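J.: need a 3D model of the following:
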Amino acid sequence: MLTTILRNLLMNSAKFSNSNSKISLKAAVYNAEYVIFSVKDIGIGMSKEEVKSLFDLDKSTSNTGTEGEKGTGIGLILCKDFVDYHKGNIWAESEPDKGTIFYFTIPRAK
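T.: Next up, the predicted model:
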């Protein structure tokens, strides 16, 4: 499930960034119980309204990528389901024309 989450977030970052843009993936200990992952791009970004509806199945939409790529609009919903299954959280920060950072936490291995 972790591979699926990361693959989807990385593919989305690539899809909504210009070619040769930088995308970064980081993981760090968040606190005693969780690890935090982030996927950051400097792509087209989103409005606050778009960010609010990213993980809502009833409001999920599919946008076209920077090179005309099509999506289903279900990838982020699947990521949320997988993160929720592991008792973690997922969220995003974004600004139009400045890029997006997706974060998610999952419990640390014991």
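J.: make it CA atoms for all contacts and neighbour counts henceforth
T.: Fine.
J.: how about the strands in this structure?
T.: With DSSP state E, the ranges of strands along the chain come out as 23-29, 34-41, 90-95, 99-107.
J.: per-residue pLDDT, K70?
T.: For K70, the model assigns a pLDDT of 65.
J.: returning to that earlier point: so which of the strands of the chain is nearest S53?
T.: S53 sits nearest to strand 90-95 of all the strands of the chain, at 10.6 Å, using CA to CA.
J.: so what strands line up beside the closest one?
T.: strand 99-107 (antiparallel) (DSSP bridges).
J.: hmm, I44 is touching G99, no?
T.: Yes: the pair I44 and G99 passes the contact test of CA atoms under 8 Å, sitting 5.5 Å apart.
J.: residues bridging contact with these two, i.e. touching both?
T.: Here I44 and G99 share the contacting residues S17, scored by CA atoms under 8 Å, 6 or more residues apart in numbering.
J.: the helix or strand bottoming out on mean pLDDT in the chain packs against which elements?
T.: Here the helix or strand of the chain ranked lowest by mean pLDDT, DSSP states H and E is helix 48-53, holding a mean of 88. On a contact count with 3 or more CA pairs under 8 Å, 6 or more residues apart in numbering; DSSP states H and E, helix 48-53 meets strand 90-95.
J.: report the distance from the strand it packs on to the chain centre.
T.: Here strand 90-95 shows a centroid-to-chain-centroid distance of 7 Å under the convention CA atoms, centre = their mean, to the nearest Å.
J.: and the closest residue to I44 other than its chain neighbours, what does it touch?
T.: In space, and not counting its chain neighbours, I44 is closest to D97: 4.5 Å by CA to CA, 6 or more residues apart in numbering. By CA under 8 Å, 6+ apart, the contact list for D97 reads I42, G43, I44, G45, M46.
J.: thanks a lot, catch you later.
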